[in-house]
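A.B. asks: based on what follows, work out the 3D shape:
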Amino acid sequence: QVQLVESGGGLVQAGGSLRLSCAASGRTFSSYAMAWFRQGPGKEREFVAAISWMNGITYYADSVKGRFTISRDNAKNTGYLQMDSLKPEDTAVYYCAGGRSASYIRSRYDYWGQGTQVTVSA
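C.D. replies: All right, here's what the predicted structure looks like:
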């Protein structure tokens, strides 16, 4: 089992930045791919970014490419999502997820955090 806990959400003005953290405990975090998903008001949960466990290759949704950066520190069992140039449409609950391979498909992930709220004001 892997337990994931997100932190770092909050309220920020458009154009601002936030860094989300995902602290992992349980099985060896470095053996899992990590991803971030988000769910806006009245919307389905959608893929944001993922990073593979083996070689650190990253993947991004088109809507965040060039603005968000996913990273991980296996020594600290922690993953990150640096969010820059935030827009009001980025407002959502952000979830950290862990799985065997990096994917944009939600069902490929076995472990989920409880989510952290990000609100971007215009």
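A.B. asks: tell me where this protein has helices.
C.D. replies: In the chain, no helices are defined using DSSP state H.
A.B. asks: so what's the residue most central in space within the chain closest to, chain neighbours aside?
C.D. replies: In the chain, the C-alpha nearest the mean C-alpha coordinate belongs to W36, at 2.4 Å (Cα atoms, centre = their mean). With Cβ to Cβ, 6 or more residues apart in numbering as the criterion, W36 has its nearest non-adjacent residue at 4.3 Å, and that residue is V48. To be clear about C-beta, it is placed using only N, CA and C from the backbone, and glycine gets the same treatment.
A.B. asks: per-residue pLDDT of the one you found, please?
C.D. replies: The model reports V48 with a pLDDT of 98.
A.B. asks: could you report the neighbour count for it?
C.D. replies: Residues near V48, counting by other Cβ atoms under 10 Å, number 25.
A.B. asks: specify the beta-bridge partners of the residue nearest to the centre of the chain.
C.D. replies: A49, C96 (DSSP bridges).
A.B. asks: any low-confidence regions in this protein?
C.D. replies: Per-residue confidence for the chain (pLDDT under 70) gives these ranges: 27.
A.B. asks: swap in 90 and give it another go.
C.D. replies: For the chain, the stretches flagged by pLDDT under 90 are 1-2, 25-32, 53-56, 74-75.
A.B. asks: which residues of it fall in strands?
C.D. replies: 2-7, 10-13, 18-26, 33-39, 46-51, 58-60, 68-73, 78-83, 92-99, 109-112, 116-121 (DSSP state E).
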